[in-house]
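Novice: coords please:
(2 chains)
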Amino acid sequence: MIADEKFEFTSGAKRKIVYLALAGVFFLGVGLWMAMSDGHGGGHDEHAAVVNQSLVASTNAVGAEPEAAGGEHHGSAPWLKRLYTSLWHNNVFFAGIGVIGLFFIAIQYAAQAGWSAPIKRIPLAIGHWIPIAGVMMVGLWFLVKGDVFHWTHHDLYVKDTPGYDKILDGKSAYFFWPFEAGGFPIFYVIRMVAFFGLWYLFFTWIKKEMLAEDLSGNTAHFFSARKFSAIFLVIFGVTSSVAAWDWIMSIDTHWYSTMFGWYMFASWWVTGLAFITLIVVNLKDAGYLKMVNSNHLHDLGKFVFAFSIFWTYIWFGQFLLIYYANIPEETVYFITRMRTAPYSWIFFLNLLLNFVLPFLLLMTRDAKRQMSMLKVVTPIVILGHWFDFYNMITPGVMKGEGGFGFLELGLLMIFLAAFLYIVLNALSKVQLVAKNHPFMPESLNHHI
Amino acid sequence: MDKGKHYLVGVFNDEDVLLHGVEHIREKGVRIEEVYTPFPVHGLDEALGYKRSRLPIAAFLFGMTGTMLALTMQIWMLGFDWPMIIGGKNFASLPPFVPVTFELTVLLAAFGMVGTFMIVSDLKPYKWPRQFDIRSTNDKHVMAIDLASNKLSKDEIARILKENGAEEVNEKNF
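Specialist: Purely as a prediction, here's the structure:
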């Protein structure tokens, strides 16, 4: 029953991905053009002059030092800020899906789960995005920091000047330790590099064990993969929370929420689960993964269903306390998102796509066991959480100047195409099914 | 002998034998009333031809009742009966009602489900369960066949049971 299977990354599939990327580039171009012409026709002269000036400055210096223009925090032109924000947004989102691939495998090993044995290669393939996301994250950070991260500006930390920010100065050790506040945020950057380094390290270790098992059939590989997984879970518990504070929560520098680490993790996790499910369903459609039957799909569906509700629980836990306590420094976060023009509909769409639809559509047993419903719900969840990340990042950076249009969609398509290419390419390089996995017989007889 | 119910009880030792036995016995036209096993046997429900339980539907309806009850109660209490200003919010503002609504939904769904299950399964205080064979609580699988609902004769059913792996075939009257 366990046959040697190998996923073939056909030229047809590659062509579709290239088309997706090209459409994304086209959308991005249209979006940029629209955003740029918006900036020129801004109306009042003074503002337009500033925009023009920084437009010139930043087109000369794209990729070099955009923060140079940030003397009084005008930053780059709105269209460029929007581009930076969207780049950061997409990269954090997809980095999360990548590391969730590894997290999923680690949970399966640590729990000694049997049902997932035939589908473990899919999250493994997703994990191949980790190093790429890491390199991009560090590179992008230096590009976008002046516009996206308010706290990077030096003049916030100079005492007795109009720009001095006492609250930020109090928090400065979190970014700048052990150096002086306002300089190079060494602690922050080291954390970013270390997180991706650790994730990638554990990814390679666990992957090595998984692939070695194919050849030798020795259960020793299972046990060492389990050991690495258990250690990784502890590390991930800390790093995912700190990553949430660093990469997203620090954008709204004065605002903080003790739920935020969980909140971003919940969003990443359910997106990753939806991605794994979507790939499994599509592989089955293409004739692969014969041993995956509706019992396994049921488990994946339950995961997506349950963690959509978990995300809502965390979302609501954060919202209710801030709503009820009604402290201005906290409510400002939700007022920006709920009441401000370009974001209001996204705020409510977020709840519709990530809670109402998956909750109602995946509620019945049959919906989780049939591929047709999973094929509808998982893209909704993935898109919904992309909007969730938009909602976390963009309003904090762009304030009233933000928008949603071709620019954001184009970048999403480009990132998605690159992500799919890397994942499917990695999937085609190894055996699709771990035939020597010690729990394979249990998984074949899985019945719920 | 005329009063009460007359059963033929097949005792099986192995769950695989039982599972295949159930299929073959049903193919021969014997109606099986119930099978008692000491542990869950996967696939037995399908082999016995049981329809899927409608308990989830009952649970959903009970849950919705809880949702409605909680919302009505809170909106009436804080919006109409005794309006109070709490934290500068509107009288009937929805977000603070959500935790109570959630809890009542879960509570009514759970109680409703347990109650429904007990009524459907005929479980009630002072109800003594019919014990076909006490060994079904230890290490034997026990198959109960109601003779009144079967057209085949007692001897014929006993023969079919023996042929399909029953270790013992006993009679039981209630």
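Novice: Is it correct that residue A:13 falls within a helix?
Specialist: Yes - applying DSSP: H, G, I helix; E, B strand; the rest coil, one finds residue A:13 inside a helix.
Novice: residues in contact with it?
Specialist: residue A:424 (Cβ atoms under 8 Å, 6 or more residues apart in numbering or on different chains). (C-beta placed from N, C-alpha, C; glycine too.)
Novice: What does the pLDDT read for residue A:66?
Specialist: The model reports residue A:66 with a pLDDT of 37.
Novice: residue ranges of the strands in chain B, please?
Specialist: B:6-12, B:34-36, B:141-146, B:168-173 (DSSP state E).
Novice: Can I get those in CSV including distance to residue A:285 and mean neighbour count?
Specialist: Shown next, in CSV, are the strands of chain B (distance: least, Cβ to Cβ, whole Å; neighbours: other Cβ atoms under 10 Å in any protein chain shown):
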stretch, distance to residue A:285, mean neighbour count
strand B:6-12, 41, 22
strand B:34-36, 38, 18
strand B:141-146, 40, 24
strand B:168-173, 49, 14
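Novice: so which of these comes closest to residue A:26?
Specialist: strand B:34-36 (63.9 Å; Cβ to Cβ).
Novice: what's that closest one packed up against?
Specialist: Judged by 3 or more Cβ pairs under 8 Å, 6 or more residues apart in numbering or on different chains; DSSP states H and E, strand B:34-36 is in contact with strand B:141-146.
Novice: what distance separates the strand it packs on from the centre of its chain?
Specialist: 17 Å (Cα atoms, centre = their mean, to the nearest Å).
Novice: Provide the strand pairings for that strand, with the direction of each partner.
Specialist: Next to strand B:141-146 in the sheet, as set by DSSP bridges, lie strand B:6-12 (antiparallel), strand B:34-36 (antiparallel).
Novice: got the CA coordinates for that strand in PDB?
Specialist: The C-alpha coordinates for strand B:141-146 follow below in PDB (Å, rounded to 0.1, in the frame of the first residue of the first chain):
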ATOM      1  CA  HIS B 141     -17.900  -9.300  22.700                       C
ATOM      2  CA  VAL B 142     -21.600 -10.000  23.000                       C
ATOM      3  CA  MET B 143     -24.100 -10.000  20.200                       C
ATOM      4  CA  ALA B 144     -27.900  -9.800  21.100                       C
ATOM      5  CA  ILE B 145     -30.400 -11.000  18.600                       C
ATOM      6  CA  ASP B 146     -34.100 -10.500  19.300                       C
END
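Novice: Could I get the average pLDDT for that strand?
Specialist: If you average the pLDDT over strand B:141-146, you get 93.
Novice: what's the angle from that strand to strand B:168-173?
Specialist: Strand B:141-146 runs at 50 degrees relative to strand B:168-173, counting by axes from the mean of the first three to the mean of the last three Cα atoms, to 10 degrees.
Novice: which residues sit against strand B:141-146?
Specialist: Residues contacting strand B:141-146 (Cβ under 8 Å, 6+ apart): B:5-15, B:18, B:21-22, B:25, B:30-38, B:41, B:132-133, B:135-136, B:157, B:161, B:166, B:172.
Novice: would you turn the strands of chain B into a markdown table with distance to residue A:103?
Specialist: Shown next, in a markdown table, are the strands of chain B (distance: least, Cβ to Cβ, whole Å):
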| stretch | distance to residue A:103 |
| --- | --- |
| strand B:6-12 | 45 |
| strand B:34-36 | 42 |
| strand B:141-146 | 42 |
| strand B:168-173 | 53 |
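Novice: So which of those strands is nearest residue A:348?
Specialist: strand B:34-36 (51.4 Å).
Novice: before we move on, back to that, go through the strands of chain B and name the closest to residue B:79.
Specialist: Going by Cβ to Cβ, the one of the strands of chain B nearest residue B:79 is strand B:34-36, 51.8 Å.
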